[in-house]
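Undergrad: can you look at this prediction? I've put the sequence above it.
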Amino acid sequence: MNRDQIKLNFLEEAQDCFNTVESKILDISATIAETEKLDLILREVHSVKGGAGMMGFMALNQVAHRLEDFLKVLRVHHHSKHIDLEVENLLLSAVDAMVIIKDSYLKGEEVSQHWLEREINPIFEGLKEYLGELRDEDEDLLFKQQDEESSGELQMFEEGVDTILDDFETQINDLSGEALASGVVMTAEKILMYARMADLEPVINLSESVKQRVISTSQDHIVDLAQEALKVWRRSHGLVMRGNLDKLPWDLESLPIENNSITPDLDFELGDDDLLSLSNALDEVVDFDLPLENDDLLSLSNALDEVVDFDLPLENDNSVAQFSEDFLALESLGKDIEEAMEDAFAEVFEDTSSPEEELISTPEPQIIKVAPQTGKMVKVPVEQLSQFNALFGKLILERNRLNLRLEQIRAFGDLMQRRMNQLERSNKELRDWYDRASSEGWIDEQDSTVVSSLNEQSLVTKATLEDFDTLEMDRYSDLHVISQEQIETIVQLKEVSTDVNFSIGDINQALQELNHTMESLQKNATRIQMRPFADLVRGFPRFIRDLGIQFGKKVNLKIEGETTLLDRTFIEALNAPLTHLLRNAFDHGIEDPQARVLAGKPAQGTITLSAFNRGTKIMVTIQDDGAGIPLEKISQRLLKMGISGAEIAKMKPSQIMDYIFEPGFSTASEVTELSGRGVGMDIVRSNIEELQGEIHAYSTPGEGTTFTLSLPFNLSILQVMLVETQQMVFAVPVNSVREIIKCPESVEQKRVSWQNQIIPVVRMEDFLIFNRPSKPFEMPGYPVIEKPTLLIVGEGNNCGAIYLERYWGEQEVTIRPIETHLPLPPGFISSLVLGDGRVLPLIDPAVMLQEGIEQQNDFEPRTQMFSNDYYKGFRGDRHNTLLIVDDSINVRRYLASTLEKAGYQVEQAKDGQEAVDKLLAGISVQGVICDIEMPRLDGYGVLEEIKGKSQFNSLPIIMLTSRSNEKHKKLAFNLGANGYFSKPYNEEELLKTIEKLVKVNYL
C-alpha cells in the first residue's frame, strides 16, 4: 500500500474518532463533566492531531491541536463540574469543522486560509472567552492530576529524588575511582532518606543493595556500577510517579551489569571414553537384521538407554539458561517507537502555534489529489450480490455435506478396524486350537505329513520327506497353510486399513483448510453486503439533542444493538423513516417536563432505538416512555372519517392502531413545526414495504409507544441450534436464545424458577398437532445432550421456556425460504437443508412460546408477549525486525512503509498490551517503536512491563508520540526508554537513531 493510500485511510479512520468525540461531548452540559469522559475525548483528539501532523494534513492537525488545548483546560479546571451549554455547542462546532476539513482532504480540495479565518477562529475565540487559554502550568497540573490522591511523602520522594538523580548523573560524568564510589554511597543515603519517609520498602532494599555492591566492586568497574544504579533508580522514580509500586525493583541482581554473549558456547565436555561408548552403542543400534526377537529388542532398548544416559556438566546447564535469557532479550525489541512520532510533530506546533493568527498564516501544503483515483470502490448491482449470496449458501450446503460424509467415512474406518481386530483374535484362537490339537494327537499323523493340496509336490519329494522324522523336518497340514494365509491376509488388510485412516486424515486436514477459507470468505462477503446499525444511527443523538435545545424538552436517546448488521441498501433507505419516527416520538410521545413531573415521571424523557436479529428477520424498534396513543382518540378520528362505530367495535386493538399509517391520518389537535399535518406515517410504511418489511405500532396509554420494524435479513447463512421433542426436530436461531438449562422435576407444573423469577414452560407437542401421521426424524450420530432441557427466550421480566428432549448442537446452515400458497403454522419462519439432504423447519422460539402460553390454562391471547427490549512493524540489516506499537492502523502502516524501505522487517501491535503479550510470547525483534497514549496499556505501561524484566534489558525502545512536554519525555527515559521523538519527526534522524541502537544491541 503506497503512502497516498495510507493517508486517505487515515482520513477515513479519523471519522471514527470524530464520531466518538461527538458522542461523548453530547449532553456534557447536562451532567457533571466526568474525568474518564474528558480523558477519552482528549485521547481521540490527540490521535487525530498526531496522525494528521504525521500525514501532512496541517490544517487538520492545527485545528485538532487548538481543540486539544481547550480540552486540556476543561480537564484541568472543569472536571467534575457542570459545563455551560454554550461550551458544549462550541466544542461540537469544532468537531464539525474538523469533519469539513477531513472531507475537503478526501476530495483533494485545498482548505483556504479565508475559510479558516472565517469559520474556525470564531469557535476558538468563543472557547477562549469561556475557558481561557492553556498555560504552561496547566500542562504540569494535567500531568500530575493522576497522582492527586498520592500522599505528601510520595510527592516529596518524587521531587527530591529527581533532583538527587540529576546531581548524581553529573557526578558520573565528572568523577571516577574512589570519589565516584563515595558519590554512589552518598546518593544511596539520600534516596534512602526519602524512601523511608514514603515507606517504599523496595527502594530502601535497592539502595541498601547498591551500597553493598560498592564495597564488593573494584575501582575499574565502579563506573559501570554507578551507571547501572542510576538506571535502576530512575526507573524506580518513574514507577513511583506512575503509582505502580508493585513493579519496583528490589535490588540490582535482576539487572546484571555485564552482558553475556548472545550465543554462549555449549561445551558438553564429553571425554574420549564417553565418545567411544556412545559410538559403540550407536553401532549396536544400527547393526541388526530383521526380524527382531525378544532378546534383540531387549538389547536394542539397553543400547538406547546407553545413548541417552549421560550427564551434562552443571556449568552447561547454566550456559543453556543464560542462552535462553539472551535469546529472549533479542526477542523483546519491538514495541514503543510509534508514540514518539506524534510528539515530534506536536513539539513543532506547540513552539509555533499560540494565537489564532498563526493558525491562519500557516501555509497549507500541496494537496495530493488522488482520492478519485484510489480504485477502492466499485459499483456492483444488487442482483449480483444476491446471486453471490445464493451461490455461497449453496457452497455452505455442500461443505456441510462433505463434513457429514467425512464423519461417516471415519466411522466406517473405525468399524473396519474393530472388525479386523476381531478377525485377528478369531484367527489366533484357531491357531491355538490347531497347535493344541496337533500336540495332543487330535489330528492324524498322516494328515500332519500331508502337504497342501494347493501346492501338490512330486512323489520323489514326498518320499524324501518321509526319510526325516518330525524333529528333523517340520510337517505342515492343509489347515496350517490355510491359517498362515489367513494371517498374511489379515496383515495386508490392516495395512490397507492404516492407509485408509491416513487418507482420511489428509482429507480431514484439507477440509479444515476449506472451512477456514470459507469462514474468511463469509466474513468478507458479510462485510461487502452488510453494515453495522451504528452507521445508520450515528447522527441521531445529535439530532435529538438539537431538537431538545430548540423546543425546550429534555430527551435522552438510548441506542442499543449498534453492532447488528443491516443490508447496505437499508442504511440509506431507513434514514428518512427513522428520522420521522424519532421526530414523532419527540413531539407526540414525550411530554413537556412539567407534564411528566405531574404524571410521576422523570422530567427527562427517554427514546430507545434498538436493533437485533430475530431468526431471518432484523427487528428495529423505536420506543418512548411518553404518554402513549389512546385507542379512543384513534377511534374518534375513524368516526370522523366515516367508519361506523359497529365496525370499529369489531376491530382488534392492533387493527385500530394500524390506521395511523393511513394517508392523511392524524390525531394531533394542532399543526406544529414538527408534525401534525397527517403526512409522513403512510410514507414511512411505504418505505418499509419497499424493503419487503413490515411496521407495527404498540402503545400503552401513560407508558409510551413502540414502533417495530421487521426487515428481511438478506444473508442466507445462519447459525442455528438443532433441538428435538417428541421425535420432531427443529432448528432455532442461536441469536434468539438466552440460555439452555437442565430441566427440573417441577416442570410438570408448567412453571419454573429461573434467575429469581417464575417463568412459564410450554411443550410444542401440546399445540403442534398435525392431521397426518409422520415418520420419526432420526438424526445421525449422538445428541450433545440427551436429557430434558429448557430453552430460555425473552428479556427482563418477560421470559419463558420451551421444553426439549434432546439437544443436537449448533450448525452453520443455509436458509431456504418455504414457497407455498398455504399459511405456515405459527412460529415456522423458514427451512434449512442438512448435509444429508433432509430438510428441517426453522422456527421462531418467541412466537412458539407465545403460542403455547395462549393455548394453556385459559390464557387469553396477548397483543405483545415480550417487551421491546427482547427485539432487542541508511539501510538496515534485513534480519533486523522492529515492532511498531500504535493504536492507529494507518500510523502503523505509514511508519512500516518508512522502515521497510530502510531495509527492516516490521511487526505490529495495536496497543501496549498486545505488544507485551507478543514480546513475552517470544517474538524476535531488535527494537521497539512505541506510542504513549493507547487503550488497554499505554507506552509507559509497556516500559514498566518490559524494562522490568532482565531478558529485555538490552532491548532498545523508542517512544514516538505527539507529547513533546519535557515531563513526558523525562518520565519515559526514567522508565527505560532509549529514545524519544515527537511528531513531526525527522525521518533521517529517526532512522539513524534506530540503526545506532540496534547496532549497540548486537555489540
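TA: Perfect, thanks for sending it. Numbers count the residues shown, from 1 in each chain.

Undergrad: and the closest residue to residue 3 other than its chain neighbours, how many neighbours?
TA: If the residues on either side of it in the chain are set aside, residue 3 comes closest to residue 897, at 6.0 Å by CB to CB, 6 or more residues apart in numbering. (Glycine included, C-beta is placed from N, CA and C.) Neighbour count for residue 897, taken as other CB atoms under 10 Å: 15.

Undergrad: check residue 397 too.
TA: The burial count for residue 397: 19, using other CB under 10 Å.

Undergrad: likewise for residue 54?
TA: Residue 54: 26 neighbours (other CB under 10 Å).

Undergrad: rewinding a little: so which strand or helix has the residue nearest to residue 3?
TA: Residue 897 belongs to helix 889-901 when assigned by DSSP states H and E.

Undergrad: spit out the contact partners of residue 95.
TA: Counting by CB atoms under 8 Å, 6 or more residues apart in numbering, residue 95 touches 18, 21, 22, 25, 67.

Undergrad: can you add pLDDT and neighbour count and give the residues you listed back as TSV?
TA: Listed next are the contacts of residue 95 as TSV, based on pLDDT from 0 to 100; neighbours: other CB atoms under 10 Å:
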residue	pLDDT	neighbour count
18	88	18
21	87	25
22	88	21
25	85	24
67	89	27
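
Undergrad: ok, which pair from those residues is furthest apart?
TA: Spatially, the most separated pair among the contacts of residue 95 is 22 and 67, at 12.1 Å (CB to CB).

Undergrad: residues near the closest residue in space to residue 848 that isn't next to it in sequence, how many?
TA: If the residues on either side of it in the chain are set aside, residue 848 comes closest to residue 827, at 4.0 Å by CB to CB, 6+ apart. Number of residues near residue 827 (other CB under 10 Å) recorded here: 22.

Undergrad: next: residue 17.
TA: With other CB under 10 Å as criterion, residue 17 counts 22.

Undergrad: skipping adjacent residues, who's closest to residue 85 in space?
TA: Leaving out its chain neighbours, the residue that sits closest to residue 85 by CB to CB, 6+ apart is residue 29, at 4.4 Å.

Undergrad: contacts only, for that neighbour.
TA: 82, 83, 84, 85, 87, 88.

Undergrad: ok now the lengthiest helix in the chain, how far from the chain's centre?
TA: Scanning the chain for the helix with the most residues, using DSSP state H, yields helix 382-439. Here the centre of helix 382-439 is set off from its chain's centre by 37 Å, with CA atoms, centre = their mean, to the nearest Å.

Undergrad: over to stretch 890-903?
TA: 25 Å.

Undergrad: same question, stretch 94-112
TA: Using CA atoms, centre = their mean, the offset of stretch 94-112 from its chain centre is 32 Å.

Undergrad: buried stuff in it?
TA: Buried residues in stretch 94-112, counted by 16 or more other CB atoms under 10 Å: 94, 95, 97, 98, 99, 101, 102, 104, 105, 106, 111.

Undergrad: for stretch 799-809, same thing?
TA: Buried-residue list, stretch 799-809, by 16+ other CB under 10 Å: 799, 800, 801, 802, 803, 804, 805, 806, 807, 808.

Undergrad: now do the contacts for the closest residue to the third one other than its chain neighbours.
TA: Excluding the flanking residues, the one nearest residue 801 by CB to CB, 6+ apart is residue 790, at 4.0 Å. By CB under 8 Å, 6+ apart, the contact list for residue 790 reads 740, 741, 742, 743, 747, 752, 754, 761, 801, 802, 803, 804.

Undergrad: and the next helix or strand past the strand or helix carrying residue 809?
TA: According to DSSP H and E, residue 809 maps onto strand 806-816. Sequence-wise, the next helix or strand downstream of strand 806-816 (DSSP H and E) is strand 828-833.

Undergrad: mind listing what that next one pairs with, with the direction of each?
TA: In the sheet, strand 828-833 lines up against strand 806-816 (antiparallel), strand 839-843 (antiparallel) (DSSP bridges).

Undergrad: please export the C-alpha coordinates of the shortest one as PDB.
TA: What follows is the C-alpha trace of strand 839-843 in PDB, where atoms were taken according to Å, rounded to 0.1, in the frame of the first residue of the first chain:
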ATOM      1  CA  VAL A 839     -35.000 -30.500   5.300                       C
ATOM      2  CA  LEU A 840     -35.700 -29.100   8.700                       C
ATOM      3  CA  PRO A 841     -38.100 -26.300   9.700                       C
ATOM      4  CA  LEU A 842     -36.600 -23.100  11.200                       C
ATOM      5  CA  ILE A 843     -38.800 -21.800  14.000                       C
END
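
Undergrad: wait, residue 554 sits on residue 548?
TA: Yes - at 6.2 Å, residue 554 counts as touching residue 548 under the criterion of CB atoms under 8 Å.

Undergrad: who has more neighbours out of these two?
TA: The neighbour count for residue 554 versus residue 548, taken as other CB under 10 Å, is higher for residue 548 (20 against 17).

Undergrad: could you list the domains of this structure?
TA: Structural domains assigned to the chain are 3-146, 562-712, 717-854, following automatic domain parsing.

Undergrad: tell me the most buried of the ones you listed?
TA: Sort the domains of the chain by mean neighbour count, taking mean count of other CB atoms under 10 Å, and domain 3-146 sits at the top with a mean of 19.

Undergrad: which residues touch residue 537?
TA: Here residue 537 is in contact with 559, 562, 578, 609 (CB under 8 Å, 6+ apart).

Undergrad: the same query, at a cut-off of 10 Å, please.
TA: 543, 557, 559-562, 571, 574-575, 578, 582, 609-611, 620 (CB atoms under 10 Å, 6 or more residues apart in numbering).

Undergrad: name the helices or strands packed onto the host helix or strand of residue 208?
TA: Assigned by DSSP H and E, residue 208 belongs to helix 201-216. Counting contacts by 3 or more CB pairs under 10 Å, 6 or more residues apart in numbering; DSSP states H and E, helix 201-216 packs against helix 177-197, helix 222-242.

Undergrad: could you take these and lay them out as JSON lines, with extra columns for distance to residue 930 and mean pLDDT?
TA: Formatted as JSON lines, the helices and strands packed on helix 201-216 follow (distance: least, CB to CB, whole Å; pLDDT from 0 to 100):
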{"stretch": "helix 177-197", "distance to residue 930": "28", "mean pLDDT": "82"}
{"stretch": "helix 222-242", "distance to residue 930": "15", "mean pLDDT": "86"}
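
Undergrad: highest mean neighbour count out of those helices?
TA: helix 222-242 (a mean of 22).

Undergrad: that one - contacts with which helices or strands?
TA: Using 3+ CB pairs under 10 Å, 6+ apart: helix 222-242 touches helix 152-174, helix 177-197, helix 201-216, helix 939-947, helix 966-974.

Undergrad: and the third one, how far out from the chain middle?
TA: Looking back up the chat, that one is helix 201-216. The answer for helix 201-216 is 45 Å, by CA atoms, centre = their mean.

Undergrad: swap in the second one?
TA: Here helix 177-197 shows a centroid-to-chain-centroid distance of 49 Å under the convention CA atoms, centre = their mean.

Undergrad: what's the angle from it to helix 201-216?
TA: With axes from the mean of the first three to the mean of the last three CA atoms, to 10 degrees defining the directions, helix 177-197 sits at 160 degrees from helix 201-216.

Undergrad: then helix 177-197 to CSV, C-alphas only?
TA: Below are the C-alpha coordinates for helix 177-197, written out as CSV (Å, rounded to 0.1, in the frame of the first residue of the first chain):
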residue,chain,number,x,y,z
GLY,A,177,37.5,5.9,41.2
GLU,A,178,37.1,6.4,45.0
ALA,A,179,35.4,9.7,44.5
LEU,A,180,32.7,8.2,42.4
ALA,A,181,32.3,5.3,44.8
SER,A,182,31.8,7.7,47.6
GLY,A,183,29.3,9.6,45.4
VAL,A,184,27.3,6.4,44.9
VAL,A,185,27.1,5.7,48.6
MET,A,186,26.1,9.3,49.4
THR,A,187,23.4,9.2,46.7
ALA,A,188,22.1,5.9,48.1
GLU,A,189,21.9,7.5,51.6
LYS,A,190,19.9,10.5,50.3
ILE,A,191,17.5,8.3,48.4
LEU,A,192,17.2,6.1,51.5
MET,A,193,16.0,9.1,53.5
TYR,A,194,13.2,9.9,51.1
ALA,A,195,12.3,6.2,50.6
ARG,A,196,12.0,5.7,54.4
MET,A,197,9.8,8.8,54.6
